[in-house]
Structures are given as C-alpha cells and as structure tokens.
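Trainee: Predicted structure and sequence below. I'll ask about it afterward.
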Amino acid sequence: MIDDKALLSEYLSESEELLDSLLTDLDTLAARPADLPDINLINRIFRTVHSLKGLSGMMGLPEVQSLTHEFEDILDDLRLGHLALTDETKPVLQEAGAGIAALVGGAARGTTSDEDFERMRALLTGIAARPKSKSKRDESGLEALSLSPKERRLLTEYEEHRINENLDAGRSFYAVIVQFEVGKLDTQYRALTARLESKGELITTLPESATKPELVAFKLVLATQFKESDLKGVVESFDGRITRLGPSTWRRAGAALINVGRSKKKIGDKAHKTTSGVLPPAFAQESLQPLSPSVRVEMAQIDNLSGLAHELAIEMQRLTVMADRFLMAAGLGARDQFDLRFSARRIEREFLELEERLVELRMVSLAQTFTRAARLAGRLARELGKSVTVEIAGRETQLDKAIVDRLADALYHLLRNAIDHGIEMPEARRLAGKNARGKIKIEASLEGARAVIAILDDGHGIDAGGVLARAIEAGLITGDEALTEEDTLRLLLRAGFSTADHVSAVSGRGVGLDAVERTVHELGGELRITSEKGRWTRFEMAVPTTLVLISAFIVRASEWRYAINVGQIVELLYVSLDEVIGREGKRSIQWRNQTLPLVELKYLLGLGGARVFRPPLRARAAGYGNEGEARQTASRSMARVPVFITRAADRHVAVAVEEFEAQREIIVKSLGPLARKIKGVVGAVDLEGGDVALVLDLPSLLMLRSMRM
Amino acid sequence: MRPYGTGRLALMSEKKDKPKVSPAVSPIPLALTGLEPVDVTVDIVSVLLFEIGGEAFGIGVEHTEGVVDCPRITPLPSAPDGMIGVASVRGRMTLVMDFSLKANPGESKGRLILLKGESQLGLLAERVAGLVALEPEKIRKRKGNDKAAAPAGEERWAAPAHFKHEGRLVPLLDVARLAEI
C-alpha cells in the first residue's frame, strides 16, 4: 500500500494509461483470428506489462510486481511460440488483464486481500500450465535461408521463432544491405526501418563489413509478402541493395498447404467456455471506476490559465481603486461603504489565491526522477567495475515540473561524478577499511522556499590541497588568496577544472561541474560542495520549488534592459519622429486609425522624468557632446524610435524604448517577500554578463503612473 | 564564471554554538535587549562592522550569510527608500540596500553583505572593516529620550541600538526592521 497521497495519485495515473492500452490491445488481439496473430501487437502487450511490472516494483507493491512478472512470462512464451494463441487462451488473457487492472488500484490503496492475489495467480498459472502446443522446432526452417553459420549464431531465440513463423506463413525473406555515415546513422537507420516495417516484419539487423572506414554497414533481414520489385524503390532511396534469402518457391507452397489444413482442423474447437468467475464480484463492479481521480493537463494550459488569472487580478486591483474613489463621491451609508470595500478586498485576495493555486498545479514529486537516478547509478557502477548501494530519501518532495525536468541532466552529472570520481574500486575500499560496496545517497528536502537535492557518496572525498595546487597550476588563482575550505572546493566549479588523473568513458575531462552550476544558477539556485578527505563528498543543489517561465521581449531603456511578457505586447513598430504628434508630456501617435498616447518606458520607470526624445542609439553612436548634438539634429527627421503597443485596461498605449533586443524564453526569478512593495515589477531575469533585467508588469506600471498624474 | 565565491569571508564558522533566537521576535539576542532573562550565557557578541557614505554600521554576524563583491546593480522603479536595486548573487536575486544618502545604482564597486533568511536582502558596503567582538553591556539600547546620544544613522535606519567603537558611536542594525522597510 502506498501511504503518500501525491505518490499514490502519480502511480495510479501512470498505471492507468498503461492498463488502458493493455486492455485495448488484449481486446484487439482477441478479435483477430487465432492463427493470424499480430506479432507487433503481442510485442506491445509484452512491453506494457513489462512497464507495469517496473512501475509496481518502484512503488513497493511486491504482489502486483510478481503477478505482472508471471503475466510477462506468459506473454514471452506467446511471443516465442511456446504457447499458442488459441480461442481458448484469448479470453483468459483478457481476464488476466482485467484482473491485473483491478488489483493495481486495490493494491495501491491497500484494499486488496491475499485471496484476490491468490485467485489471480491461479488464473495465470492455469494459462502457463496449458500444453505447450508447439515444441521448439528443429532448425530446418533456418536452413532454407541463405545465412552464414556465423550470422545464424547471432539470432536470438525470438528471432529464430519469428523466422519459422514467417516461413510457415509462406512469406519471402530478403536481406537489405545498407551503409550509412556514422554521423547520420541514427536518423537514416530509423527512417529505413520505418519504411521497411510498413512492408513486412523486420526480423533482425546483422553487422556487415563497410566499404569505407567512415561508413557503418548493416544487413537487415525482412520477411514479407511483397515481391523484390516492390521493395527495390525503398531500398534504393537509401543507396542499399536487396537480395533474396529464400526460401524457394516449392517450400512456400508446401507451407501454405500445411497452413490450410491446420486452420480447418481448428474450426471444431470453437465452442468453448470462458473461465469465468475467477475474479471476485467486487472487481467486476469496479471495472468502470477510473483508477485515479486525476486528469493529465498540458503545462501550456496551466500557463495560459495563470496568465489569465494574473490579468484578472490586475484588473481587480484597478476596480478596487475605483471603488474607493466612488465611495468618496457617492455619499453612501457607512454600511454600504463597508460592504463594498469588504467584497472588493475579498475578491482581490481570492484572485491572488487563484494565482497561487495555479502555481501549485505545476508541482510534481521527485519520485520518478529519483527512481530513475537510482537505476542509473547501479548501471554506471557496473560499467565501471564498482559496486554501490543507492539510498533514496525525500522522494515525495515537490517541485515545479519545469525545474525537475531541467535538473535531470545536472543530477545525472553529479551521480556520474560521484560514482566515477568519488567511489573507489572495491579493492581500494577494502584497503581503506571500508565496506567494498560503496554507498550513494540521493536525498531531497525543503529549506524554506527552496528544495535541496543532495548527492552524497562515501568515497575518497575531495583533497582540498590538491584542488588548490591544481588551481594555482592552471592559473585560476595566485595562491595568495585566503580561501576557506568551501571557497577552495568551489574552485572545482570553474570551467575546465579537473582533478581527475584519468579520463573514463563515464565522466569526460573537465566538463561538467561548471555546467551543473550554470543550470542551477539559471534556475535561481545554488550549488554547494562539502567533503571530508578520505570519507565522503556531498553536492547540494538548492533550487526554488516554483518558477515562472515566460516568453519575453527584451528592450533597452536608458542603459538598462527590461523584459516584457510578450503576452502584454500588442505590436512592435518603429515610429519616425515626424509621426509623433504633440509636445512633451502630451505626445501621441496614430495607430490603426486611433490616436494613442505615447510614453517613454524610461518615464514609466521613473528614471529621469524628462520626456525629451532622443534619437535611437544608432544616431547617437558617435557619442555625446557637441558633435553628437549636431548629428542628433541632423538625423532627427530620419531617426526612428522603437515603440511597442500595449493594452492598459480598455485602451491601447504606445511605449517608446531605446532599442528592441530579442524575444526569448526566460525564467522569472522572484525578488523575495519584499517584492510585494515594488509595484510594476514581477521579478528579474539573469542576462549574459551578470546583468539583471527586471521583468516588468506593464498594466500595473501604467496604472501606477496614470494614478500619479 | 563570475568572480564571486572567491572573495567570501569565513564569517559563519562560529555561529553554531550561538543561541537560536527567532528573528520575528527580535533579531538581537534577547539577552542584549534586557527584556527578559535568557537561559544561555552569551558572553561575546560578534558584530560585522562596515562603512558606507562615510558612516560606520554594525550588524550581528549571525544575521549575515557572507560578503561578496557587489555585482552590477539594476535600479528598481518605485522601490522603498534605501532599496536601490537588484543584483544577482549566485543565481539569487538580491535586493540591495544602500545606507548612504547619495545612492547611485550601477556605479557601485563595493561589497555586498548578504543577509540570512528569506528576505533576499543585501547591504551595500564600501568597505567591510571586519568583525568586532563586543560584550553585551557595551551595546546601548536606544530609549525614547536618548536621541541626543544616538549617532546620526541610528534614527534614519533600522537601528534600535548602538555601540562605541574606536571613539565613534556605531548604530547596530535590526534585521527584522530592515525587512519591514
């Protein structure tokens, strides 16, 4: 049983998708004639059950895991032809699928009894114990294909079985030989197999010798009903060649005859009874009930909603201000005044809460990421000839999905680092008096508004002295600095720094930690390192739990850069100074047959109140001073001012800036709890070169200014 | 790679054995305010001394998280007095407070004292003079009628107390009040 509610709902919603596709596929399988099974379908069912097994194991549901394991075995037998798919087995498989679906939900909630599991197990054992209709065939079928003994040895049991099945079905076999450049291998191979799979069944891919060293060659074995001439077009578009592998025509004819006989024999078996009554009645009733009460929503939809809620909140603020103003004028009674104020404030508060709730919707737990990380750690250790135990803590910690996604690479990097550079080889550990098996701990915890994700290894730690020596040698520091231990360890984060004496396949040289730090920084977090030489190393990524990612337009106004949510920009245009109507303070432009007030962003921000137009940067490039002034006058009529149109309340406003820079996706970082006191700014974003751009909230900025005027 | 990180002082090393006092109640250990007895013995208070605009200020070391070279400060529109802008320190947006009256964002080449906690505040300093160990009785809490004796900065800034250091009165900043600005 899963106690953690968030984890439970995540497990259920993921299982539900798998179960849905499992049950649909089992139904499709049952609907097909028994002697023409769709091998791709069986493979997909096999994979789905396999995923379910993994998921249940991950969630600590051993009973479900063992049942899905048994089901997987049955499907494997089916795949390999050890078990025949008959009209008798099909409904039992369907029933087994439905039973597992019922058990998954019940087990997760802890409402399933041991009996339910036993009944299910009996059902599965029943299928598995059915007479194996086809014993393993002799290899005579394979002989019919012109494959070398070496190639034949490379075939797996499953591939052999598929060759035999296709031979029985009277299909022809072809070898498609292609060679690809190493760089394009991936995409071309995928494109070719996709085309071939639409023509028949791809049995296997065998190695071939290439004609040039920079090429990689393959022999793909295809079973198909098509003729060679039908396939030529596909193969030639990949510069490949195709040859017939057999079998000869008389064999195919014979096989076809055998098949006819077999299907005739089967007709008599059709009257059978399904093994009903295996599942407890409660399951049958529950079968229409969805497993999880959750729905899956695209992140973009949540973002849209957040945007809307934000606009509503701002509009509401405006209404509150107006309500206050009318209260003064209307001469209402004290009671009415109170009521109006009270509800205006309440709505305002509720809109704010709505925005906060929407942010919560984006939160996911670290469970999945951590489980993957643990699996990965085990694999990396094996590759390096080390052995580790991985401990996980705090998997229920919740973070914004975008943060979890971005951290995945950084986490992978730190793990790789810990196993490759931290944990010693078993022999070295024994000599150091440690358990030969290393320990990696991945844990998450909350620290205020931040989540701390830590990776701890009990390896040989970091030698601060060595780091210092290496840093001086690399010219990163002079050696005169008084560095604390932490400062010294932070030197590891400098680009290109590495204390590894060797380069392994797992961790490259010198790349990595600086990239990890950059990722963490971009998220508004901090990377910390602590270590004790000879004993342990701990890397901590402290990141905010929530973040706001927006598409913003970067503009420049009086030497500073600002980010504006593109959602608040109606249009970008360049206005020549001649098109500006009116004098300072009351400027306007014509736009879509309307006269719009034109204000300078600089003015809105209260940076230098003078609203004297300066020609844009290009004209000023010569610099200030007399010469520049002269140029300004000369270029005045030619100069064009970058202007964007925004909407404030019910009207459009033109805002002049000095320069348009670019549109980009930015992570809006919070200015902390004090930010509430700073109006018109929703946060800030890190730009290149250590610069910070404020993320402006134009509607409130305009409102603020118009109220002051 | 940005230059910060290397210049950090090891300010926090002794903090662990200090009594824990909730900043919401009082940022200065209760023992210093004389309000009520506290069952821990605080013999010495460590105060970080810094200078800006020709004046000296002090802040309890336990409220600081470190000192860094101040990155470029971006000015904030309509910010409260004293808050001159935002600087990005280790990926965290820090609101920079400047106690000198001639605040000039963007041009600062000073240091930034990072405050602990969630306020994301940093205090701009032209010079961090170092740590001063004070006996609690050396710290004078400001009283209503004691304004004459208070140093100039004390009234202006969130400083409920002051101490004498090298012949001048230095206001001791109250972190909780700073966060209320």
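Mentor: Nice, I can see it.
Trainee: nearest spatial neighbour of residue A:702, skipping sequence neighbours?
Mentor: residue A:648 (4.0 Å; Cβ to Cβ, 6 or more residues apart in numbering or on different chains). All C-beta spots, glycine's among them, are computed from the backbone N, C-alpha and C.
Trainee: isn't the one you found right next to residue A:703, touching?
Mentor: Yes. Using Cβ atoms under 8 Å, residue A:648 is in contact with residue A:703, at 6.7 Å.
Trainee: which ones are touching the residue of the stretch 201-350 of chain A found nearest chain B?
Mentor: Shortest the stretch 201-350 of chain A-to-chain B distance, computed as Cβ to the nearest Cβ: residue-wise this is residue A:317, at 14.8 Å. Going by Cβ atoms under 8 Å, 6 or more residues apart in numbering or on different chains, residue A:317 touches A:348, A:700, A:703.
Trainee: In which helix or strand does it reside?
Mentor: If you go by DSSP states H and E, residue A:317 is part of helix A:299-330.
Trainee: so after that helix, what's the next helix or strand?
Mentor: Scanning forward in sequence from helix A:299-330 by DSSP H and E, the next helix or strand is helix A:334-361.
Trainee: Name the residues that touch the helix or strand just after that following helix?
Mentor: Following helix A:334-361 in sequence order, the next helix or strand is strand A:363-365 (DSSP H and E). With contacts defined as Cβ under 8 Å, 6+ apart, strand A:363-365 is touched by A:4, A:6-7, A:10, A:395-401, A:404, A:545-546.
Trainee: Stretch A:598-608 too?
Mentor: A:555, A:557-558, A:560, A:562, A:575, A:580, A:587-589, A:609, A:611, A:613, A:643, A:653-658, A:680, A:696, A:701-702, A:705, B:75, B:77-78.
Trainee: again, only this time at 7 Å
Mentor: A:555, A:557-558, A:562, A:580, A:587-589, A:609, A:611, A:643, A:653-657, A:701-702, A:705, B:75, B:77-78 (Cβ atoms under 7 Å, 6 or more residues apart in numbering or on different chains).
Trainee: same thing with stretch A:541-548?
Mentor: Stretch A:541-548 has contacts (Cβ under 7 Å, 6+ apart) with A:359, A:398-400, A:402-403, A:407, A:410, A:447, A:449-453, A:520, A:523-528, A:667-668, A:670.
Trainee: how long is that stretch from one end to the other?
Mentor: Length of stretch A:541-548, first residue to last, Cα to Cα, to the nearest Å: 19 Å.
Trainee: re the thing from before, restrict the contacts of stretch A:541-548 to contacts with chain B.
Mentor: Residues of those in contact with chain B (Cβ under 7 Å from any Cβ of the partner chain): A:449, A:520, A:524, A:525, A:526, A:670.
Trainee: Sort out for me which of those residues are in strands.
Mentor: Among those, the ones falling in strands (DSSP state E) are residue A:526.
Trainee: Just the buried ones out of the ones next to chain B among the contacts of stretch A:541-548, please.
Mentor: Buried subset of these (neighbour count, 16 or more other Cβ atoms under 10 Å in any protein chain shown): A:520, A:524, A:525, A:526, A:670.
Trainee: Now pLDDT too, for those, in TSV please.
Mentor: Output for these, formatted as TSV (pLDDT from 0 to 100):
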residue	pLDDT
A:520	84
A:524	73
A:525	78
A:526	82
A:670	82
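Trainee: on that earlier part again, point out the ones among the contacts of stretch A:598-608 that are inside strands.
Mentor: By the criterion of DSSP E, membership of the contacts of stretch A:598-608 in strands covers A:555, A:557, A:562, A:588, A:589, A:643, A:653, A:654, A:655, A:656, B:75.
Trainee: What subset of the residues you listed is buried?
Mentor: When the ones in strands among the contacts of stretch A:598-608 are checked for burial by 16+ other Cβ under 10 Å, the buried set is A:555, A:557, A:562, A:588, A:589, A:643, A:653, A:654, A:655, A:656, B:75.
Trainee: pretty sure the residue nearest to residue A:702 contacts residue A:699?
Mentor: Yes. Counting by Cβ atoms under 7 Å, residue A:648 touches residue A:699, with 5.3 Å between them.
Trainee: burial count for residue A:408?
Mentor: Residue A:408 is flanked by 13 other residues according to other Cβ atoms under 10 Å in any protein chain shown.
Trainee: Same check on residue A:372?
Mentor: 14.
Trainee: So which residues on the stretch 601-709 of chain A come close to chain B?
Mentor: Near chain B, when you scan the stretch 601-709 of chain A using Cβ under 7 Å from any Cβ, you find A:605-607, A:669-674, A:677-681, A:684, A:686, A:690-692, A:694, A:704.
Trainee: These in helices, which ones?
Mentor: Among those, the ones falling in helices (DSSP state H) are residue A:704.
Trainee: Now tabulate the buried ones among the ones next to chain B among the contacts of stretch A:541-548 in JSON lines and tack on distance to residue A:388.
Mentor: As requested, those are exported to JSON lines (distance: Cβ to Cβ, whole Å):
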{"residue": "A:520", "distance to residue A:388": "24"}
{"residue": "A:524", "distance to residue A:388": "31"}
{"residue": "A:525", "distance to residue A:388": "26"}
{"residue": "A:526", "distance to residue A:388": "27"}
{"residue": "A:670", "distance to residue A:388": "37"}
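Trainee: what residues does the stretch 451-600 of chain A put near chain B?
Mentor: Within the stretch 451-600 of chain A, the positions near chain B by Cβ under 7 Å from any Cβ are A:481, A:483-484, A:487, A:490, A:494-495, A:514, A:520-521, A:524-526, A:560.
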